[in-house]
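Colleague: Sequence and computational prediction follow.
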Amino acid sequence: MALIFLAGFAALSAWDRPASLAAAQASVSAVTDKLVYRPGDTATFNITVDSGGQTVSGDLVLKVYTPASPASANPVGGQPLTQLSIRNNFKTSGKESLQFGASLDSLGVSAGGYPVRVSLMGPGGELAGATAWLAVVDAGAHAPLDLVIVWPVSSPPGRNPAGQFENTALVTRCQASPEAPDSILQNWDLSQKYPQIKTTYAIEPSLLDQLDAMSRGFQLKEGSGVRTLAANSPEATAAGGCLDSLKQLAASGNSEILATPYTFANLPLLAKDGWEDGNGQFRIGRDVESDLLGLGQDPQGGFAPGLMVTTDSLRYLADTGSNYTVLPGSFRGSVQAGPDLAGAVSYRLRDLSGERITAFFAADDASAALLGSQPDPQAFFAALANDYAAGGQANPVIVAPEVLAPALSAQQRDQIYAAIKGAAWLNTMTLADANNKYRPSTEPATLFKYVDTVSGYVSQTYYQNLTAAHSLFEAYREAVDSDSMPMISLSRKMFAAESGYWTGPGADPGSANQGLAYLSDIINSVHSEFSRISIGVSLPLLQGSGSGEADVTVKNGNSYPVTADIVVEAGGVNFPRGSDQRTQLKPGLTVMKFPYRDAGWSRLNASIKSNGVVLAGDNATIHPISGRVWIVLGVAGAALIIGIGYFFLIVKRR
């Protein structure tokens with residue numbers, strides 16, 4: 001009897017298993033044959049059902065919901081607007097594709113962006129499903145919708161601190177055939193293929209630097225060795241062609257180049273401790289862009305990586321000449337403006353110190369759909385269709401990246417540009433065009449947005465090391481000419497160490513280790529430069545009571561001058577001409593004198609400091625001799641002289 005029960009239970013379990021596993025593993029995908037429809041069109045859905053290795057069965061249905069934003073938490077919640085049957089009693093044990101066509105009239109849709117759910121329904125509900133989007137536009141119903149696309153072109157730093165490239169991933173992005181999904185060449189190709197479409201570009205200057213270095217010939221790490229690739233190697237040639245394409249892009253009439261930090265650093269992180277590195281990042285970034293892209297004038301617009309412009313980092317853009325920038329749409333609530341200005345297209349923003357910049361706000365739903373980690377061209381056009389159906393009240397629609405490495409492939413982007421080309425209801429413009437058309441006509445509004453960007457174990461550890469290296473970096477920056485080659489080289493390494501690729505929310509131990517290598521190199525480099533500076537202090541052998549003079553000798557063994565503070569300190573000692581002097585130490589020896597008044601025996605310490613960091617030190621003892629001691633010494637000396645005379649004149653003569 002027990003055996004019969006067990007056999008029956010096993011059979012029941014085997015009968016039930018396909019349905020339960022199918023519900024967990026089956027999947028559905030659905031895409032439309034066009035990105036944009038007109039009222040009255042017929043939409044064709046290309047549907048694929050994957051059983052996940054099991055047998056699945058049920059009814060395939062299509063549900064259309066009311067227009068919604070692609071950023072909605074649940075755009076297919078509530079009752080559907082329309083429900084149609086695709087196929088009843090659908091069954092598959094593998095992967096099956098089918099098409100389903102329906103007129104927009106039968107779907108009950110007019111103008112707007114509609115979420116559509118394609119579901120495989122079983123007795124207990126949905127076994128699997130997918131959400132697609134319908135963008136329906138009644139072209140001519142309103143004035144064209146202004147569209148600004150801000151496109152980032154960036155890459156993680158590929159060189160180690162020694163200047164050797166770790167791999168050829170950047171070269172792969174420069175190959176025309178086969179074209180990489182994140183091809184750099186696509187930007188120039190699209191600008192030529194669609195000259196009527198305008199795009200604003202945020203090109204990372206360190207990317208340009210790397211392409212330029214590769215084009216001249218470079219060293220490539222291979223296992224434990226290093227291979228040298230000449231300037232005429234295929235890899236170097238490809239990198240040079242990539243750089244040339246970006247130069248042509250900058251010179252084209254349908255592109256705008258924004259100023260960016262040298263590396264796509266996290267600007268709020270740099271502002272956290274009041275560092276000035278954000279300014280340095282933008283200054284060097286502008287120099288690299290102007291030099292390698294051949295810009296006729298400095299960019300007027302600025303780009304903050306991840307759109308992270310906060311109250312404490314706004315000055316980085318404003319100080320370095322940027323007139324306008326883009327913020328996330330979610331930042332609107334952080335602008336202290338009156339109710340009548342709540343929906344303004346742009347604001348003249350200021351921080352607490354009074355720095356000002358014009359800010360536009362990105363359309364978060366369209367931006368995430370196009371430039372997010374999971375791009376969806378259908379959702380992108382659905383968001384635009386909703387804005388257009390509203391009568392253009394949201395002009396302009398600005399699409400800007402919070403994700404620095406767009407996942408949109410070159411083929412998808414070409415498809416999107418092709419759809420924009422034929423859309424009379426869209427008017428593409430650059431951010432500069434938007435700044436001219438939508439200038440704020442209000443008094444400056446204050447931005448109150450603070451972000452603590454350090455979170456997670458990896459980020460916290462990295463930030464601690466970054467802070468330690470930065471202290472030495474600042475000491476060196478204060479000591480030497482900012483235009484000197486050692487300083488320029490060290491600055492670029494420091495800025496590479498501040499890259500958001502290593503300190504951002506997606507930081508991982510593997511990438512952080514490469515950043516830590518930069519920090520170690522910076523620390524070692526500064527120690528090496530400062531180790532060639534020494535100081536010595538000397539005092540008279542016989543020191544009078546009440547006053548004296550210390551001789552301080554500094555040796556600068558570097559080939560360039562170093563500016564530092566020479567500091568003398570001693571307890572109970574007064575220095576009438578001051579106890580510290582800022583001095584430019586030329587190569588060789590520099591001798592300085594420090595008069596002092598003392599109140600007794602003391603230890604005099606002399607040191608060289610830069611930005612509070614002690615570079616070298618020495619000490620000597622002040623041992624003043626009082627008047628009574630001088631009398632005793634005088635009597636003793638006289639007695640000694642008399643004794644010597646008595647010995648030679650009387651004793652020895654006898």
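Modeller: Perfect, thanks for sending it.
Colleague: what sits opposite Val614 in the beta ladder?
Modeller: Lys609 (DSSP bridges).
Colleague: Can you name the residues bridging to Arg603?
Modeller: Residues in beta-bridge contact with Arg603 (DSSP bridges): Thr621.
Colleague: Hmm, it is touching Gly572, no?
Modeller: No. The criterion here is Cβ atoms under 8 Å, and Arg603 misses it with Gly572 at 10.4 Å. For glycine as for every other residue, the C-beta is placed from the backbone atoms N, C-alpha and C.
Colleague: quick one: Glu289 and Ile203 touch, right?
Modeller: Yes. Taking contacts as Cβ under 8 Å, Glu289 lies within contact range of Ile203: 7.0 Å.
Colleague: Show me whatever sits in contact with both of the two.
Modeller: When contacts are counted by Cβ atoms under 8 Å, 6 or more residues apart in numbering, the set common to Glu289 and Ile203 consists of 257, 260.
Colleague: Report the buried residues of the strand or helix carrying Gly536.
Modeller: Gly536 belongs to strand 533-538 when assigned by DSSP states H and E. Residues of strand 533-538 classed as buried: 533-537 (neighbour count, 16 or more other Cβ atoms under 10 Å).
Colleague: ok, of the residues you listed, which one's closest to Ser27?
Modeller: Ile533 (66.2 Å; Cβ to Cβ).
Colleague: Could you list everything that closest one pairs with in the sheet?
Modeller: Asn556.
Colleague: which is the next helix or strand following the helix or strand where Leu270 lies?
Modeller: Assigned by DSSP H and E, Leu270 falls within helix 267-271. Using DSSP H and E, the helix or strand that follows helix 267-271 in sequence is helix 277-293.
Colleague: What average pLDDT does that following helix get?
Modeller: The average pLDDT for helix 277-293 rounds to 94.
Colleague: Which is the succeeding secondary structure element to the helix or strand harbouring Val326?
Modeller: Assessed by DSSP H and E, Val326 sits inside strand 324-327. Using DSSP H and E, the next helix or strand after strand 324-327 towards the C-terminus is strand 335-336.
Colleague: and that next one, which strands flank it?
Modeller: strand 445-447 (antiparallel).
Colleague: picking that back up, closest one of the buried residues of strand 533-538 to Ser177?
Modeller: Ile533 (54.9 Å).
Colleague: got the residue ranges for the strands in the stretch 551-654 of the chain?
Modeller: In the stretch 551-654 of the chain, the strands defined using DSSP state E, counting those that start in this stretch lie at 562-569, 580-585, 588-596, 602-610, 613-622.
Colleague: partner strands of the strand or helix carrying Ala102, parallel or antiparallel?
Modeller: Assigned by DSSP H and E, Ala102 belongs to strand 95-103. Note on strand 95-103: by DSSP bridges, its sheet partners are strand 42-50 (antiparallel).
Colleague: dump the residue contacts of Thr311.
Modeller: 351-352, 447-450.
Colleague: Phi, psi for the residue nearest to Pro161 when sequence neighbours are not counted please.
Modeller: Once flanking residues are discounted, Pro161 sits nearest to Asp521: 3.6 Å by Cβ to Cβ, 6 or more residues apart in numbering. Phi and psi for Asp521, reported as degrees, to the nearest 10, are phi -60, psi -40.
Colleague: What about Asp521, how many residues nearby?
Modeller: Applying other Cβ atoms under 10 Å, we find 19 residues neighbouring Asp521.
Colleague: doesn't Leu490 make contact with it?
Modeller: No. Applying Cβ under 8 Å as the test, Asp521 and Leu490 come out as separate, 9.2 Å apart.
Colleague: which helices and strands does whichever helix or strand comes after the strand holding Ala102 pack with?
Modeller: Toward the C-terminus, strand 95-103 is succeeded by helix 104-107 as the next helix or strand (DSSP H and E). Judged by 3 or more Cβ pairs under 8 Å, 6 or more residues apart in numbering; DSSP states H and E, the packing partners of helix 104-107 are strand 42-50, strand 82-92, strand 125-136.
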